[in-house]
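> prediction below, plus the sequence it came from.
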Amino acid sequence: MTDVDVAALAKLARLEVSKEELATLEKEIPSILAFVETIQKAAGESEHEGDGLRNVMRADENPHESGVYTETLLSAAPEREGDRIAVKQVISRRKS
């Protein structure tokens, strides 16, 4: 496996990466790529024998009026903020 130039990849992806993060990624990326290669080998080749693609969506013949179930759904949520379900923040925003 060849070495990965993490700094060049970060620049191409327009990502700001600190020197500490670069050092960590340079150690982690080869093992990640090796794992992906292992998965690809295990997956093997399979031939899908089907009659092609088909639409599995049903026609919406009896649509309900918009907002009919909003209050019922919101009352079932653990937390809410006004007319929205409140969820835990997963990704933090970095201030520039």
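Now that the structure is in, tell me what you want to look at.

> contact partners of stretch 58-73?
Asp83, Ile85 (Cβ atoms under 8 Å, 6 or more residues apart in numbering). From N, CA and C alone the C-beta is placed, and that goes for glycine too.

> what mean pLDDT does it get?
For stretch 58-73, mean pLDDT is 83.

> what about it, start to end distance?
Using Cα to Cα, to the nearest Å, the span of stretch 58-73 from its first residue to its last is 23 Å.

> try stretch 72-89
Its first and final residues considered, stretch 72-89 spans 24 Å by Cα to Cα.

> grab the longest helix from the chain for me.
Using DSSP state H, we find that the single longest helix of the chain is helix 19-43.

> that helix: which residues count as buried?
Neighbour counts using 16 or more other Cβ atoms under 10 Å place Leu25 of helix 19-43 among the buried residues.

> and it, how far out from the chain middle?
Chain-centre distance of helix 19-43: 18 Å, with Cα atoms, centre = their mean, to the nearest Å.

> tell me the confidence at Lys27?
Looking at Lys27, its pLDDT stands at 88.

> gap between it and Val6?
Using Cβ to Cβ, to the nearest Å, one gets 10 Å for the distance from Lys27 to Val6.

> can you check Leu22 too?
Noted for Leu22: a distance of 5 Å to Val6, by Cβ to Cβ.

> now swap in Phe35 and tell me
Taking Cβ to Cβ as the measure, Phe35 and Val6 are separated by 17 Å.

> so what does the lowest-mean-pLDDT helix or strand in the chain touch, helix or strand wise?
Considering only helices and strands, the least confidently modelled element of the chain by mean pLDDT, DSSP states H and E is helix 19-43, at a mean of 88. Using 3 or more Cβ pairs under 8 Å, 6 or more residues apart in numbering; DSSP states H and E as the contact criterion, the neighbours of helix 19-43 among helices and strands are helix 6-12.
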